[in-house]
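K.L.:
Model the structure of this input:
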Amino acid sequence: MGNKICVSLGTNAVNVLKSLVSNSLKSNADFIEVRFDYFDRANMNEVLEVVLDHKEKAVFTCRSPSEGGKYTGMEADRVTTLRRLAAFRPMFLDVEYNTMTANDDLLDQFTALNCDTLVSWHDFEQTPSAEELHALLNKMKEYSSNVKIVTMAKSTTDNLKLLKLYEVAKRSSINLITFCMGEYGVLSRVLCTFAGASFTYASLTDAIAPGQLTVKQMKSIYDRLEKERPELNDYNAWKDRQEFDDIIKIISEVKG
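P.N.:
Numbers count the residues shown, from 1 in each chain. Here you go, the predicted structure:
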């Protein structure tokens, strides 16, 4: 099955992180996202000791507070942390597009370190217009061929704007991960992997982003969709679809 799941690990306790990593892998999560922004700089070495053995299947990030992160230190220190994390070459280092544009030397440094970056952009308030999203994607691809765009859905139709971006990404050879947050955004969280995302995100237990489902729920939804909606595996067969009540019903039934 091509629907891969990355479990986001949000905790500020090293011993809890160790348990979350273990339990995520036991739950057959494909990847883990390690949120270094939850920790103080003094704990970074301990965190690295927990996660380095799994770096080949890990997304490292130290998320900016302006994009939903928990980092409480100076911005310069956060950027220094990102530079340090790049040296360990995880599967992806998630760095905000705005951070890249504000630090001219980051791209050269990450390239020199042979670190694969996932350049990301988040809007916790709304979903921009299709035109704005296309323009944003074109700007972001200048920094990496791996791009992540996440917005807040105000309606089911907002999901369609982001799902349509996969057509653009395929034409430009971009490895795109895009979906919506919030209750209305669950549809694209699920369908993004059918559209072309290399993985979607879930939590182990409590959500750490609006609308995030647990890995158990996501796997149950994918199992049902594979059996009941096999046509989803052919993106070209449904890319112009406008109505997803049947998919939403399955998601709602699994969520309970």
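K.L.:
Can you tell me the closest non-neighbouring residue to Y38?
P.N.:
N12 (4.5 Å; C-beta to C-beta, 6 or more residues apart in numbering). C-betas here are computed from N, CA, C, even on glycine.
K.L.:
V47 versus that neighbour, what's the distance?
P.N.:
With distances defined as C-beta to C-beta, to the nearest Å, the gap from N12 to V47 amounts to 10 Å.
K.L.:
Mutual contacts of those two, please.
P.N.:
Counting by C-beta atoms under 8 Å, 6 or more residues apart in numbering, the residues touching both N12 and V47 are F39.
K.L.:
Look at these two and report which has more neighbours.
P.N.:
Neighbour tally, N12 and V47, criterion other C-beta atoms under 10 Å: the higher count belongs to V47, 22 against 14.
K.L.:
And the helix or strand hosting the more buried one, what does it pack against?
P.N.:
With elements delineated by DSSP states H and E, V47 resides in helix 44-51, which encompasses its position. Contacts of helix 44-51 with other secondary structure elements, assessed using 3 or more C-beta pairs under 8 Å, 6 or more residues apart in numbering; DSSP states H and E, are made with helix 14-26, strand 31-35.
K.L.:
quick one: the shortest one to chain centroid distance?
P.N.:
Centroid separation for strand 31-35 versus its chain: 9 Å, with C-alpha atoms, centre = their mean, to the nearest Å.
K.L.:
Please enumerate residues in contact with that strand?
P.N.:
Counting by C-beta under 8 Å, 6+ apart, the neighbours of strand 31-35 from elsewhere in the structure are 4-10, 17, 21, 24-25, 47, 51, 54, 57-63, 69-70, 90-91, 94, 199, 201, 208.
K.L.:
Buried only: go through those residues for me.
P.N.:
The neighbour-count test (16 or more other C-beta atoms under 10 Å) marks 5-10, 17, 21, 24, 47, 51, 54, 58-63, 69-70, 90-91, 94, 199, 201, 208 as buried among those.
K.L.:
Filter those down to the ones in helices?
P.N.:
17, 21, 24, 47, 51 (DSSP state H).
K.L.:
what about A202, neighbour count?
P.N.:
24.
K.L.:
And stretch 224-234, end to end?
P.N.:
16 Å (C-alpha to C-alpha, to the nearest Å).
K.L.:
quick one: low-confidence parts of the stretch 51-200 of the chain?
P.N.:
In the prediction, the stretch 51-200 of the chain carries no residues with pLDDT under 70.
K.L.:
Spell out the residue ranges of the strands in it.
P.N.:
Defined through DSSP state E, counting those that start in this stretch, the strands belonging to the stretch 51-200 of the chain, from first to last, are 58-61, 92-96, 117-123, 146-152, 175-181, 200-203.
K.L.:
can you redo the ones you listed as TSV with distance to A29?
P.N.:
As requested, the strands of the stretch 51-200 of the chain are arranged in TSV below (distance: least, C-beta to C-beta, whole Å):
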stretch	distance to A29
strand 58-61	11
strand 92-96	15
strand 117-123	17
strand 146-152	18
strand 175-181	16
strand 200-203	8
